[in-house]
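K.L.:
I'd like to go over a predicted model; first the sequence, then the structure.
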Amino acid sequence: MKVLIVKTSSMGDVIHTFPALEDARRNRPDISFDWCVEEAFASIVALHPAIGTIHTVAIRRWRKRLLDPGTWHEAMGLRRALRACRYDFVIDAQGLLKSALVAKQAAAPIAGFDRSSAREPSATLFYDRRYAIPRDLHAIERTRRLFGLALGYTPDFSVLESGIEPPAGSLTGIGGKTALLLHGTSREDKKWPVEDWIETARLLVDKGIAPVTTWSNDREKAVAEAIVKAVPQTVLVPKLPLAEIAAIIGGSTLVIGADTGLTHLASAFGLPTVAVFLATEPGLTGPRGPFASTLLAVPGGRIAPAEVMAEAGRLLERQALGQVGKD
């Protein structure tokens, strides 16, 4: 049986789908899986060994150039590629009109959330099978339930495994423990103040842990350079392709991050990960992992660097005890 997964974006949503894929791989070894995803996140999907062909879309770019012949050429190319694969089944794990339209291009039966469960009920008009999944569950559990119902098994919710491993590669010339500071995020109200990142870097140095930071745009670059200027022991990583940043994350001792996709990736790798949530609710979409923790600011309040460091220390200790137990 050949199944196509449609989960195009965002990075966090893609990562939240991995545990469902891991369930399916264990329960349905007779199925092979391909994936359709936004071109920016193809390297993230490639981290899972169960995925064969990765089809890419560029919906964000296409929307800006709807009348461009090149846009229609790419869209028709995707349609031909999906149909050439002759899928037996498609799972739209996103529940949006855009993802349903992409799923329809494969010309195979589509499974997805029902009207009460989908993020955009209009998407369900394109589905052949619709499943009711409570919306008050975490996104990871919702997706695991969807896959289980669609493919005929019951997930074991006592186990949470992403099935992904960091790509090869790491920072060179740095010995000892490192903590990656992921300060960049899409919304201003989700950003921890630069002063708090600087103080966190100082506290890490005091603990003998080298702070590491990076950036992906000019605003993030300014924050990263401010951290380095205030705490010269901080290692500044230049803007790199996503796969190389994933490798650096995988080689870190600790990750401290805002509400951003890379923080979710760190938790999926099983790293000690402290997520700082200031304006979003982590109960439904927060990072999940064996050593992941989320600190949520109360309305009008703040999260102090000392709180973050205390939580990081707890996670590192728990990881050390877990490793000792395995040994």
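P.N.:
Alright, I've got the coordinates. Numbers count the residues shown, from 1 in each chain.
K.L.:
CA atoms for contacts and neighbours, from now on please.
P.N.:
Noted.
K.L.:
pLDDT weak spots in the protein?
P.N.:
Applying pLDDT under 70 to the chain flags the ranges 172-173, 323-327.
K.L.:
quick one, helices of the chain?
P.N.:
Along the chain, the segments classed as helices by DSSP state H run 11-27, 42-45, 59-64, 69-84, 97-104, 139-151, 194-206, 218-230, 242-250, 261-268, 282-285, 305-326.
K.L.:
what's the longest one in contact with?
P.N.:
Outside helix 305-326, the residues that touch it by Cα atoms under 8 Å, 6 or more residues apart in numbering are 196-197, 199-200, 203-204, 254, 272-274, 276, 291-293, 295.
K.L.:
Just the CA trace of that helix, in PDB.
P.N.:
This file holds the C-alpha atoms of helix 305-326, laid out as PDB (Å, rounded to 0.1, in the frame of the first residue of the first chain):
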ATOM      1  CA  PRO A 305      16.400  34.100  32.800                       C
ATOM      2  CA  ALA A 306      17.000  32.600  36.300                       C
ATOM      3  CA  GLU A 307      13.700  30.600  35.800                       C
ATOM      4  CA  VAL A 308      14.900  29.400  32.400                       C
ATOM      5  CA  MET A 309      18.300  28.300  33.800                       C
ATOM      6  CA  ALA A 310      16.700  26.500  36.700                       C
ATOM      7  CA  GLU A 311      14.400  24.600  34.400                       C
ATOM      8  CA  ALA A 312      17.400  23.800  32.100                       C
ATOM      9  CA  GLY A 313      19.300  22.500  35.100                       C
ATOM     10  CA  ARG A 314      16.400  20.200  36.000                       C
ATOM     11  CA  LEU A 315      16.200  18.800  32.500                       C
ATOM     12  CA  LEU A 316      19.900  18.200  32.200                       C
ATOM     13  CA  GLU A 317      19.900  16.400  35.500                       C
ATOM     14  CA  ARG A 318      16.900  14.300  34.400                       C
ATOM     15  CA  GLN A 319      18.700  13.400  31.200                       C
ATOM     16  CA  ALA A 320      21.800  12.400  33.000                       C
ATOM     17  CA  LEU A 321      19.800  10.200  35.400                       C
ATOM     18  CA  GLY A 322      18.000   8.600  32.500                       C
ATOM     19  CA  GLN A 323      21.300   7.800  30.700                       C
ATOM     20  CA  VAL A 324      22.700   6.300  33.900                       C
ATOM     21  CA  GLY A 325      19.600   4.200  34.100                       C
ATOM     22  CA  LYS A 326      20.100   2.900  30.600                       C
END
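K.L.:
Give me the buried positions along it.
P.N.:
Pro305, Val308, Met309, Glu311, Ala312, Leu315, Leu316, Gln319 (16 or more other Cα atoms under 10 Å).
K.L.:
repeat for the fifth one
P.N.:
Judged by neighbour count (16+ other Cα under 10 Å), helix 97-104 contains these buried residues: Leu97, Ser99, Ala100, Val102, Ala103, Lys104.
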